[in-house]
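Chemist: give me a 3D structure for the following:
(chains A and B)
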Amino acid sequence: MDTAVLAGEIMQRSGAETYRVEDTMSHIMRKSHATRIETSAFTTMLLVSLQEEGRQPLTVVRRVHKRGMNLDRIVHVNEISRKLCGDSLSLEEAYAELKAIEQESQKLYRPITYQAATLLTVIGFAVFFGGTWLDIIGGGIVGAVLVGINLLGKKLRFNNVFQDISASIGIALMGIILKQYVFWNMNLETVIISGIMPLVPGIAITNAVRDTLMGDYLSGAARILEAFMQAAAVAVGIGVGIVIASALIGEKVLL
Amino acid sequence: MILKIIGVFIAIVAYSVIIETPRRFLWLSGLVSAVGGAVFVVCNEAWRMDMVLASFWSALGIALLSHIFARAFRAPVTLFLVAGILPTVPGAGMYRTVYYLILGDASMSSFYLTQTLEVAGVIALAIFLMDSVSRIFLKRDVGTQPWTKERNMDKKQEEK
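Modeler: Residues are numbered from 1 along each chain as shown, chains lettered A, B, ... in the order given. Predicted coordinates:
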């Protein structure tokens, strides 16, 4: 039971689809000799209940607070649960391994790699959107601003929405300033769009569709709302950025 | 054009690092999105298709390849799909909507808003379609599907 809930909690926190979480938990629960098993996962909550012959039913509720994206953990938990169900891993071993995953504070890559990856994502998209060399360099600079704001946000513990807003304000401002004072041949649109690509809600859209398709309408609706919130945050940020820039520099920014 | 595909490959490999894809899957998810990007570029530029339709084919290709890879490498579909779908997400439409809104050009702004929503809907449709199709045709493949495993489990329990 503990193993199942722990597995579910890790998966839910790592951004797995709802049906996968429920499925994994009920597979692990089947290892017990209960007569009836119910598992139910929502975006922010897990509910697990099991009933044995001649006993009171047992229920555990977990609130899932922090959610992020960590595919590595999903893959890991998936493997453990598969091994457990294939009897090549005992329950105690599985629990110990899950506990190890949960407490693993070290990330998969070094911190510097994440920052470099953000930068490369922006540059890569600048190429994809048909940027010239100037646009790619501009994309690199805007990406550096994004990295800086991300680091600052982590230090000051911004919430997700505010993080997105401030990052896109930074991107818009930096893009316009670059265009105005440094590279006036630069294509502003390309640079700003590549800058916001790491912030757009691709994950939320994907998960929303898959959850809804599996019949988990509650989670699906929550994810759709999440996608809209992220998109709105980015849009508001860009808007505010442009307004600030045009107030500072003058109306000609917009042409 | 080839430069663009290389660009999207680099971007997605880097993005996969951000969402902590295990190391052995990094190149694969880059490949998925490079194919998607290639489909998009070919449809949009060579065949002069509409943005929305090009996004649809691109997302469909990405979803198909994700499902195939997920079966072949026994990993969750999400792994490839989440990173792979990113190039088709309408970041450009979002930006232009806001840009024209601030410029005071309401008709252009609502045009791009509609386009953004259409592209998002089309991506959803493509993922939906591929999920359903894979359920029909790839059913008997390895035990990655939840219900095949479930059925086996039920049998085991009955035997006991």
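Chemist: so A:I193 makes contact with B:A92?
Modeler: Yes - at 4.8 Å, A:I193 counts as touching B:A92 under the criterion of CB atoms under 8 Å. C-beta coordinates here come from the backbone N, C-alpha and C atoms, glycine included.
Chemist: just the CA coordinates for the least confident helix or strand in chain A by mean pLDDT, please, in CSV.
Modeler: Lowest on mean pLDDT, DSSP states H and E among the helices and strands of chain A sits helix A:2-13, with a mean of 73. This file holds the C-alpha atoms of helix A:2-13, laid out as CSV (Å, rounded to 0.1, in the frame of the first residue of the first chain):
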residue,chain,number,x,y,z
ASP,A,2,2.7,2.4,1.0
THR,A,3,4.7,1.4,-2.1
ALA,A,4,1.7,2.0,-4.3
VAL,A,5,1.0,5.4,-2.9
LEU,A,6,4.6,6.4,-3.0
ALA,A,7,4.9,5.3,-6.7
GLY,A,8,1.7,7.3,-7.5
GLU,A,9,2.9,10.4,-5.7
ILE,A,10,6.3,10.4,-7.5
MET,A,11,4.6,9.9,-10.9
GLN,A,12,2.0,12.6,-10.3
ARG,A,13,4.6,15.0,-9.2
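Chemist: what about that helix, near chain B?
Modeler: No - remark: helix A:2-13 sits outside contact range of chain B, by CB under 8 Å from any CB of the partner chain, the gap being at least 9.9 Å.
Chemist: which parts of the stretch 51-200 of chain A are strands?
Modeler: Ranges of strands in the stretch 51-200 of chain A, per DSSP state E, counting those that start in this stretch, are A:58-63.
Chemist: any low-confidence regions in it?
Modeler: A:104-108 (pLDDT under 70).
Chemist: again, 80 this time
Modeler: A:51-58, A:64-72, A:78, A:81-111, A:130-131, A:157-158, A:160, A:180-187 (pLDDT under 80).
Chemist: okay, the nearest residue to A:H33 once chain neighbours are set aside and A:S81: tell me how far apart.
Modeler: Spatial nearest neighbour of A:H33, excluding adjacent residues (CB to CB, 6 or more residues apart in numbering or on different chains): A:E52 at 6.8 Å. In this view, A:E52 and A:S81 are 21 Å apart by CB to CB, to the nearest Å.
Chemist: the two: who's more crowded?
Modeler: Higher neighbour count among A:E52 and A:S81: A:S81, with 26 against 13, using other CB atoms under 10 Å in any protein chain shown.
Chemist: pLDDT averaged over the helix or strand hosting A:G237 - what is it?
Modeler: According to DSSP states H and E, A:G237 maps onto helix A:217-249. The predicted model assigns helix A:217-249 a mean pLDDT of 86.
Chemist: can it be found next to chain B?
Modeler: Yes - remark: helix A:217-249 sits within contact range of chain B at A:A227, A:A231, A:V234, A:A235, A:I238, A:G239, A:I242, A:V243, A:S246, by CB under 8 Å from any CB.
Chemist: which ones are touching the residue nearest in space to the middle of chain A?
Modeler: Nearest residue to the geometric centre of chain A (CA atoms, centre = their mean): A:M69, 3.7 Å. Contacts for A:M69 were tallied using CB atoms under 8 Å, 6 or more residues apart in numbering or on different chains; they are A:S14, A:G15, A:I203, B:I19, B:E20, B:V82.
Chemist: B:H67 too?
Modeler: B:V77, B:M130, B:D131, B:S134, B:L138.
Chemist: quick check, the biggest helix by length in chain B touching chain A?
Modeler: For chain B, the helix that runs over the most residues, judged by DSSP state H, is helix B:106-137. Yes - judged by CB under 8 Å from any CB, helix B:106-137 comes into contact with chain A at B:A120, B:I123, B:A124, B:I127, B:F128, B:D131, B:S132.
Chemist: off-centre distance for that helix?
Modeler: Distance of helix B:106-137 from the chain centroid (CA atoms, centre = their mean, to the nearest Å) equals 11 Å.
Chemist: packing partners of that helix?
Modeler: Contact partners of helix B:106-137 among helices and strands, from 3 or more CB pairs under 8 Å, 6 or more residues apart in numbering or on different chains; DSSP states H and E: helix A:202-213, helix B:51-73, helix B:91-103.
Chemist: can you check what angle separates the shortest one from helix B:91-103?
Modeler: In this structure, helix A:202-213 runs at an angle of 110 degrees to helix B:91-103, with axes from the mean of the first three to the mean of the last three CA atoms, to 10 degrees as the basis.
Chemist: quick one: helix A:202-213 to helix A:217-249, angle?
Modeler: Going by the same axes, to 10 degrees, helix A:202-213 makes 160 degrees with helix A:217-249.
Chemist: could I get the CA-only coordinates of helix A:202-213 as PDB?
Modeler: Extracted in PDB, the C-alpha atoms of helix A:202-213 (Å, rounded to 0.1, in the frame of the first residue of the first chain):
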ATOM      1  CA  GLY A 202       3.400  22.200 -25.000                       C
ATOM      2  CA  ILE A 203       3.400  19.800 -22.100                       C
ATOM      3  CA  ALA A 204       0.100  20.900 -20.700                       C
ATOM      4  CA  ILE A 205      -1.600  20.600 -24.100                       C
ATOM      5  CA  THR A 206      -0.300  17.100 -24.700                       C
ATOM      6  CA  ASN A 207      -1.300  15.900 -21.300                       C
ATOM      7  CA  ALA A 208      -4.600  17.600 -21.400                       C
ATOM      8  CA  VAL A 209      -5.500  15.800 -24.600                       C
ATOM      9  CA  ARG A 210      -4.400  12.400 -23.400                       C
ATOM     10  CA  ASP A 211      -6.100  12.700 -20.100                       C
ATOM     11  CA  THR A 212      -9.300  13.800 -21.700                       C
ATOM     12  CA  LEU A 213      -9.100  10.900 -24.200                       C
END
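Chemist: so does it get close to chain B?
Modeler: Yes - counting by CB under 8 Å from any CB, chain B is contacted by helix A:202-213 at A:G202, A:I203, A:I205, A:T206, A:N207, A:A208, A:V209, A:R210, A:L213.
Chemist: tally of neighbours for the fifth one?
Modeler: When you say that, I think you mean A:N207. A:N207: 28 neighbours (other CB under 10 Å).
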